[in-house]
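**Q** Provide a 3D model corresponding to the input given below.
(3 chains)
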Amino acid sequence: MAYWLFKSEPETFGIDHLIAMSDQTEHWDGVRNYQARNMLRDNIKKGDKVFFYHSNCKCPGIVGSARVVKNGYPDFTQFDPESNYYDPKSNADNPRWFMVDIKFTKKFKQVISLEQLKTMPALADMALVRKGNRLSVMPVKEDEWQAIIDLV
DNA sequence: GCCAACGTTGGC
DNA sequence: GCCAACGTTGGC
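**A** Numbers count the residues shown, from 1 in each chain, chains lettered A, B, ... in the order given. As a prediction, the model looks like this:
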C-alpha cells in the first residue's frame, strides 16, 4: 500500500464535489503531465491512500483523504473533442493519459494549510513544500503521511 | 539535440 | 493580478 497527494482547485473539483458524487467516488481525470501520468498508470493502486489538496485558492492545503478504488485506466476525456482535456494527438490504441478512481474517506475538521506543512521538519523533502513545484499528483512517504495524519 | 519562446501552475 | 518556476513546443 502506498500514499499519494492529489491537487485540485476547489472551485473546479474540491473535496465537497467528491462527497457529492454518487457513492462518493469519482475518476481523477484531466492530469496532463507525464510524470503524474506515469504514476497514475503504473504506481497508484487500488487500496492506496490519498491526501486531497486544494490549490490555487485562498487557503491552499490538505483538506481530507480518500482511497484509490480503481487502478489506472485511460482518461476518456482525452478523446472527447468537447472536453477541456481533449488531446487530438492521443489515440485509443495507445492512450496518452490515464486516471484512477478515488472514493472519499474523510474531510478534516480544519484545513492543514500549506503554511503549516512548510514548518514541519518531517515534510522537508516533500515536493509539495518546495518552491516551484507543479506536480498535481505526487508520492507521500509513510512517515510523511503519519506526520500529517497526526495533526488531524 | 539544443534552446528560446511560450503557456501553465499556483502561491502570494 | 503578478510573476517565478517549470514543462512543452518547434525552429534550426
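**Q** now the strands for chain A?
**A** For chain A, strands defined by DSSP state E occupy the ranges A:3-8, A:25-27, A:49-54, A:61-74, A:98-113, A:137-140.
**Q** which other helices and strands contact the third one?
**A** On a contact count with 3 or more Cβ pairs under 8 Å, 6 or more residues apart in numbering; DSSP states H and E, strand A:49-54 meets strand A:3-8, helix A:15-20, strand A:61-74, strand A:98-113, helix A:142-149. To be clear about C-beta, it is placed using only N, CA and C from the backbone, and glycine gets the same treatment.
**Q** Show me what from chain A comes close to DNA strand C.
**A** Residues of chain A lying close to DNA strand C (Cβ under 7 Å from any atom of the strand) are A:33, A:34, A:35, A:130, A:131, A:132, A:133, A:134.
**Q** Could you identify the buried members of those?
**A** By neighbour count, with 16 or more other Cβ atoms under 10 Å, the residues of chain A next to DNA strand C hold no buried member.
**Q** so which of those are also by DNA strand B?
**A** Near DNA strand B, by the rule Cβ under 7 Å from any atom of the strand, you find A:133, A:134 out of those.
**Q** Need the max-distance pair from the residues of chain A next to DNA strand C.
**A** A:34 and A:131 (21.1 Å; Cβ to Cβ).
**Q** interface residues of chain A facing DNA strand B?
**A** Contact residues (Cβ under 7 Å from any atom of the strand) of chain A with DNA strand B: A:7, A:9, A:32, A:55-57, A:60, A:114-115, A:118, A:133-136.
**Q** again, only using 10 Å
**A** A:7-9, A:12, A:30-33, A:36, A:53-61, A:84-85, A:113-115, A:117-118, A:127-138 (Cβ under 10 Å from any atom of the strand).
**Q** Buried among those? Need that as a selection in ChimeraX.
**A** Under the burial definition 16+ other Cβ under 10 Å, those of these that qualify are selected in ChimeraX by:
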select /A:7,8,30,31,32,36,53,54,55,60,61,85,114,117,128,136,137,138
